[in-house]
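>>> curious how this folds, go ahead:
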Amino acid sequence: MEPAHYLGLDVGGTKVALRVETDHGSVWESTLAWSPRHSVDRDLAQLSGELTRLRAHVGVPLRAVGVAMPATVDPRGRITAWPSRPEWTGLDLAAALRALFPGTTVAWADDGDLGALAEARAADCDDLLYVGVGTGVGGGLVLGGVPCPGPDRGSFEIGHIIVESGGASCVCGRHGCLQAVASGPATLRRAGRLRGSEVGSDELGPALRAGQPWAVAAVDRTCRALAAAVTSVQELLHPQRALIGGGFAAGVPELVDLVADRLAELARAGQDPLPVGPAVLGGLSSLHGAVSLARLVARPPARASPSHGPSMSAAAGGG
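Next comes the predicted model:
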């Protein structure tokens with residue numbers, strides 16, 4: 001008998017990561033870079049082509065699919081906001097996933113919530129704050145082994161905590177959000193302004209390690225903003241530790257120690273700064289969380305109680 005195959009999709013603003021696992025480990029992993037923004041139909045057609053390639057390689061039906069989504073999705077399964085790819089706004093996500101995976105059980109959840117759940121399990125920590133720094137800033141909070149705020153109460157939007165009143169404009173329409181200050185693109189734009197010329201993602205890390213003033217200043221502001229957000233969560237909800245991941249953070253590993261320094265500066269009398277470290281799963285937290293979601297929805301209903309997992313929605317059933 002062929003082992004069950006579970007697919008995780010981590011859908012981002014610039015790329016989609018795919019991972020197929022069986023109970024014996026990974027059998028397929030790939031990354032699809034989105035074409036330049038044009039239309040949701042083109043995006044879905046590109047994704048469909050990658051899935052055709054995946055199915056040809058795997059050769060057996062998928063048991064279930066989990067999707068990590070950064071977009072805001074309403075209870076009916078319709079995308080109401082996705083600033084990084086606004087062409088998707090209004091899309092019936094449930095219907096689109098049914099078309100991509102006919103006859104297969106599919107569910108989606110917030111990418112930050114799934115990343116936090118995967119990191120908490122990998123780190124064996126039941127009270128964990130996870131912050132993912134990439135194209136945007138997302139994350140999640142796990143308390144008592146369960147994602148917070150919990151099923152049907154929305155996602156944990158740390159990227160939209162205000163860290164600089166009247167600060168940089170955010171894609172959400174506000175000013176001073178953590179994402180507007182500390183995301184990878186925001187940090188690179190700031191570095192470019194300080195240097196006087198555009199800075200690529202492969203240039204910032206080496207310049208930081210070389211002590212280039214423009215790189216140090218650009219990253220320092222990012223770390224101050226991250227530390228302010230982490231400290232705010234600590235004051236309210238008291239996780240045991242924080243982990244920082246995401247693609248941008250993985251490319252600038254010094255970020256974690258620099259955030260730790262800023263957290264120490266923000267600690268008040270009688271309170272230790274929250275311990276912070278690099279994400280156990282690197283830049284793949286949400287992807288692993290998506291595979292975990294696929295495994296969860298493939299179980300019999302009695303074992304897949306929403307009270308033991310992230311807030312999720314199903315797009316298809318059967319198969």
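>>> can we go C-alpha only for contacts and neighbour counts from here?
Noted.
>>> who's in contact with stretch 208-227?
Defining contact as CA atoms under 8 Å, 6 or more residues apart in numbering, one finds that stretch 208-227 is touched by 163-164, 178, 181-183, 187-188, 190-191, 194-195, 204, 207, 255, 258-260, 262-263, 266.
>>> ChimeraX command for the buried members of those?
For selection in ChimeraX, the members of these meeting the burial criterion (16 or more other CA atoms under 10 Å) are listed in this command:
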select :163,178,181,182,183,187,188,190,191,194,204,255,258,259,260,262,263,266
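>>> contacts only, for Val40.
For Val40, the contacting residues are 87-88, by CA under 8 Å, 6+ apart.
>>> that one and Ala298, how far apart?
Separation of Val40 from Ala298 (CA to CA, to the nearest Å) stands at 28 Å.
>>> same thing with Leu194?
The value you get for Leu194 to Ala298, if CA to CA is used, is 50 Å.
>>> please, where are all the helices along the stretch 101-250 of the chain?
Shown for the stretch 101-250 of the chain, the helices assigned by DSSP state H, counting those that start in this stretch span residues 111-123, 178-182, 184-195, 201-209, 213-237, 247-251.
>>> quick one: which of those helices is nearest Ala294?
When the helices of the stretch 101-250 of the chain are compared for distance to Ala294 using CA to CA, the nearest one is helix 111-123, at 11.1 Å.
>>> what is the rounded mean pLDDT of that closest one?
Confidence for helix 111-123, expressed as mean pLDDT, is 92.
>>> try stretch 69-77
Averaged over stretch 69-77, pLDDT sits at 88.
>>> pLDDT weak spots in the chain?
Per-residue confidence of the chain (counting by pLDDT under 70) places the weak regions at 1, 150-152, 300-312, 314-319.
>>> let me see the domain layout of it.
Under automatic domain parsing, the residue ranges defining each domain of the chain are 6-113+283-316, 114-282.
>>> follow-up on the earlier one: of all the helices of the stretch 101-250 of the chain, which one comes closest to Val133?
helix 247-251 (5.6 Å).
>>> show me what the closest one packs onto, helices and strands only.
Using 3 or more CA pairs under 8 Å, 6 or more residues apart in numbering; DSSP states H and E as the contact definition, the elements that helix 247-251 packs against are strand 128-133, helix 201-209.
>>> same thing but 7 Å
If you count contacts as 3 or more CA pairs under 7 Å, 6 or more residues apart in numbering; DSSP states H and E, helix 247-251 packs onto strand 128-133.
>>> just checking, what packs against the strand it packs on?
So strand 128-133, by 3+ CA pairs under 7 Å, 6+ apart, packs with helix 111-123, strand 137-143, strand 241-245, helix 247-251.
>>> who does it pair up with?
The pairing partners recorded for strand 128-133 under DSSP bridges are strand 137-143 (antiparallel), strand 241-245 (parallel).
>>> now those as a markdown table including mean neighbour count and distance to Gln271?
Written out in a markdown table, the entries for the strands paired with strand 128-133 read as follows (neighbours: other CA atoms under 10 Å; distance: least, CA to CA, whole Å):
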| stretch | mean neighbour count | distance to Gln271 |
| --- | --- | --- |
| strand 137-143 | 27 | 20 |
| strand 241-245 | 24 | 14 |
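>>> between those strands, which one is closest to Ala116.
Using CA to CA, the strands paired with strand 128-133 put strand 137-143 closest to Ala116, at 4.8 Å.
>>> so Ala120 touches Asp126, yeah?
Yes - under the criterion of CA atoms under 7 Å, Ala120 is in contact with Asp126, at a separation of 6.1 Å.
>>> more crowded one of these two?
The residue with more neighbours, out of Ala120 and Asp126, is Ala120; 29 against 20, by other CA atoms under 10 Å.
>>> list the buried residues for stretch 144-163?
For stretch 144-163, the buried set under the neighbour-count rule, 16+ other CA under 10 Å, comprises 145-151, 154-163.
>>> CA atoms of that stretch as PDB?
Taking only C-alpha atoms (Å, rounded to 0.1, in the frame of the first residue of the first chain), the coordinates of stretch 144-163 have been written out as PDB:
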ATOM      1  CA  GLY A 144      -0.400  26.200  26.500                       C
ATOM      2  CA  GLY A 145       0.300  24.500  23.200                       C
ATOM      3  CA  VAL A 146      -2.700  26.200  21.500                       C
ATOM      4  CA  PRO A 147      -2.500  29.100  19.000                       C
ATOM      5  CA  CYS A 148      -3.800  32.400  20.400                       C
ATOM      6  CA  PRO A 149      -6.300  34.100  20.000                       C
ATOM      7  CA  GLY A 150      -7.800  30.700  19.100                       C
ATOM      8  CA  PRO A 151     -10.300  29.300  16.600                       C
ATOM      9  CA  ASP A 152     -12.700  31.700  15.000                       C
ATOM     10  CA  ARG A 153     -11.300  34.800  16.700                       C
ATOM     11  CA  GLY A 154      -8.900  35.900  14.000                       C
ATOM     12  CA  SER A 155      -5.200  35.700  13.500                       C
ATOM     13  CA  PHE A 156      -2.300  37.100  15.600                       C
ATOM     14  CA  GLU A 157      -1.300  40.200  13.600                       C
ATOM     15  CA  ILE A 158       2.000  41.300  15.200                       C
ATOM     16  CA  GLY A 159       3.000  42.900  12.000                       C
ATOM     17  CA  HIS A 160       0.400  45.600  12.500                       C
ATOM     18  CA  ILE A 161       1.300  46.500  16.100                       C
ATOM     19  CA  ILE A 162       2.100  50.300  16.000                       C
ATOM     20  CA  VAL A 163       5.800  50.700  17.000                       C
END
